[in-house]
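Asker: Turn this into a model:
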Amino acid sequence: MGKNENHLIPRKRIKIADCGLYVYQIISSEKEIISKIEELNDDSLVDGILVQLPVPEHVSERNVCNAVNPKKDVDGFHILNIGKLTHNMDTFVPCTALGVVELIKRSGIPTFGKNIVVCGRSKNVGLPIALLLHSDARNECPGMEATVTICHRNTPRDELKYFSKKADIIVSATGVVHLITSDMVKPGACVIDVGITRIQTKEGKTKLVGDVDFESVEEIK
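Answerer: Numbers count the residues shown, from 1 in each chain. Reported below is the predicted structural model:
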């Protein structure tokens, strides 16, 4: 949505099946969004609050996320929960980061002492992934004991290739199409693609793709 509030959509409350999940569609002023969040903060029947990102241009993402009660911040985006995560304390962890860790665990991929490249530095995805992968397993929020290098979309290609070629695990979350190519991946490496980009095909249709050039990378054994 743009900054012209004449085109704003009024708030809606939508019930999702019978699982106790409700969606409030509030595309309006930042003040109204925060007011609704504060109302839900005070509602004892509400266990958790998620803010659908990205927010419209005229709204501050940080102000909205910080308006959520940290104890109901199931996304883990409040600065208090992010701060706890940096200290590896028990807290809400952003779901994408937790999903990457769970994927690694369930796949039986070793991380202790391994080299991992996390390509992406966002506070909601890349940074939390790196924090979970590099930290001490003896913490309240157990880490994965890896040696982690953080790169991002503006890391020079030669430098990115230098680090990723040494990596036992590559996790990419930048939203840059074909950022990770076959010449950046060593045989036997685990590659996890978290990027999401909508592109147009030659047929004029759209499809979702990740950061990894899948067709070339999948050939590396």
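Asker: With adjacent residues omitted, what lies nearest to Asn139?
Answerer: Nearest residue to Asn139, sequence neighbours excluded (CB to CB, 6 or more residues apart in numbering): Asn88, at 3.5 Å. Yep, even glycine has a C-beta here, placed from its N, CA and C like the rest.
Asker: which residues in the protein form strands?
Answerer: With strands called from DSSP state E, the chain shows them at 12-16, 21-25, 115-119, 147-151, 169-172, 190-193, 197-200, 206-209.
Asker: which stretch in those strands has the least confidence?
Answerer: Mean pLDDT values for these show the minimum at strand 12-16, a mean of 58.
Asker: ok, the residue nearest to Asn139 to Glu140 distance?
Answerer: 6 Å (CB to CB, to the nearest Å).
Asker: Show me which of these two is the more surrounded one.
Answerer: Counted by other CB atoms under 10 Å, Asn88 and Glu140 do not tie: Asn88 has more neighbours, with 19 against 10.
Asker: I'd guessed the more buried one sits against Asp136; true?
Answerer: Yes. Counting by CB atoms under 8 Å, Asp136 is a contact partner of Asn88 at 6.8 Å.
Asker: quick one: common contacting residues for those two?
Answerer: The contact sets of Asn88 and Asp136 overlap at Pro142, Gly143 (CB atoms under 8 Å, 6 or more residues apart in numbering).
Asker: Show me the residue sitting in the middle of this protein in space.
Answerer: The centroid of the chain falls nearest to Val125 when counting by CA atoms, centre = their mean (2.8 Å).
Asker: how about JSON lines for the strands of the chain, with distance to Ser182 and mean neighbour count added?
Answerer: Listed next are the strands of the chain as JSON lines, based on distance: least, CB to CB, whole Å; neighbours: other CB atoms under 10 Å:
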{"stretch": "strand 12-16", "distance to Ser182": "41", "mean neighbour count": "10"}
{"stretch": "strand 21-25", "distance to Ser182": "41", "mean neighbour count": "12"}
{"stretch": "strand 115-119", "distance to Ser182": "15", "mean neighbour count": "26"}
{"stretch": "strand 147-151", "distance to Ser182": "17", "mean neighbour count": "20"}
{"stretch": "strand 169-172", "distance to Ser182": "12", "mean neighbour count": "26"}
{"stretch": "strand 190-193", "distance to Ser182": "10", "mean neighbour count": "20"}
{"stretch": "strand 197-200", "distance to Ser182": "19", "mean neighbour count": "11"}
{"stretch": "strand 206-209", "distance to Ser182": "16", "mean neighbour count": "11"}
